[in-house]
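S.K.: Provide a 3D model corresponding to the input given below.
(one chain, ligands or ions: 1)
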Amino acid sequence: MVRVVLIRHGESLWNKENKFTGWTDVPLTNKGEQEAKEAGESLKEKKMNFDVAYTSLLKRAVHTLNIILDEMDMCWLPVKKSWRLNERHYGKLQGLDKKKVAKEFGEDQVNLWRRSYHVQPPALEVSDERYPGNQMPYKMLGVPNLPLTESLQDTVSRFLPFFREEVEPNIHKGKNILIVAHGNSLRALMKYFETMSDDEICELNIPTGIPLVYELDDDLSILKKYYLGDDETVKKAQDQVKNQSK
Ligand SMILES: O=C(O)[C@@H](CO)OP(=O)(O)O
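M.R.: Predicted coordinates:
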């Protein structure tokens, strides 16, 4: 049996301020750091060991992973960071207040932008400072085909090569894996992993900082899937994410 654990970063500053974040590199709040600490404690308590960890290039995920590993006394763990695990790019919505956008464009439109599989938020211009092509990490790493906006489908497309080339071979080798990423990059992963339909994925909301454990057999079929948290806490946290634009 192989274990893959997914964790969305702890609460970020823009989660707290209720702003569309995407690739904006905002820090964790104190609450977010505490959530990461608690995630590390519960993984340690359940004696969940890992062989490798993956995260994005964004500090809210990187810091969450560091706090978790520190808590587990596993700072030695090999870690690979990739832009392919970054949050979905939210285009021109990045930096805007979710409730204000809902007032201007209506709840239904915001829901399509936030949760549909195919709809892209309005795209940035290449001259915009929010375009990753104008930002240091992506210029330095020479990342090709940087997004001006992304639907969840676009996020799946850029995440899949990483998952197939890096993560799946390690699962086949029997390695236990920890992935700390973002609400929508994890939705992309779960859609692929669980072969969810385009409609099913619209209903999925991922809470911050609560480990989601998959137990898999050798051919990657899911034997068991559970959150390390009681059902009521998980449901409450999922509803809070769902209702951010209301
Ligand atoms: O703003 C974002 O980048 C994401 C995650 O915080 O928000 P949403 O839940 O609206 O997709």
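S.K.: most centrally placed residue in the protein?
M.R.: What sits nearest the mean C-alpha location of the chain, by Cα atoms, centre = their mean, is His182, with 1.6 Å.
S.K.: Show me what the helix or strand hosting Asp199 is in contact with.
M.R.: Element membership for Asp199 (DSSP states H and E) is helix 198-202. By Cβ atoms under 8 Å, 6 or more residues apart in numbering, the list of residues contacting helix 198-202 from outside reads Arg115, Ser116, Tyr117, His118, Leu152, Arg187, Met190, Lys191. No exception for glycine: its C-beta is placed from N, CA and C like everyone else's.
S.K.: and that helix, C-alpha only, in PDB?
M.R.: Output in PDB follows, covering the C-alpha atoms of helix 198-202 (Å, rounded to 0.1, in the frame of the first residue of the first chain):
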ATOM      1  CA  ASP A 198     -16.600  18.000 -15.300                       C
ATOM      2  CA  ASP A 199     -19.800  18.400 -13.300                       C
ATOM      3  CA  GLU A 200     -18.600  16.600 -10.200                       C
ATOM      4  CA  ILE A 201     -15.500  18.800 -10.000                       C
ATOM      5  CA  CYS A 202     -17.700  22.000  -9.800                       C
END
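S.K.: and which of the contacts of helix 198-202 is nearest the ligand?
M.R.: Minimum distance to the ligand across those is 7.3 Å, recorded for Arg115 (Cβ to the nearest ligand atom).
S.K.: Any idea how many residues pack against the closest residue to the residue nearest to the centre of the chain other than its chain neighbours?
M.R.: Spatial nearest neighbour of His182, excluding adjacent residues (Cβ to Cβ, 6 or more residues apart in numbering): Glu87 at 3.7 Å. If you count neighbours by other Cβ atoms under 10 Å, Glu87 ends up with 26.
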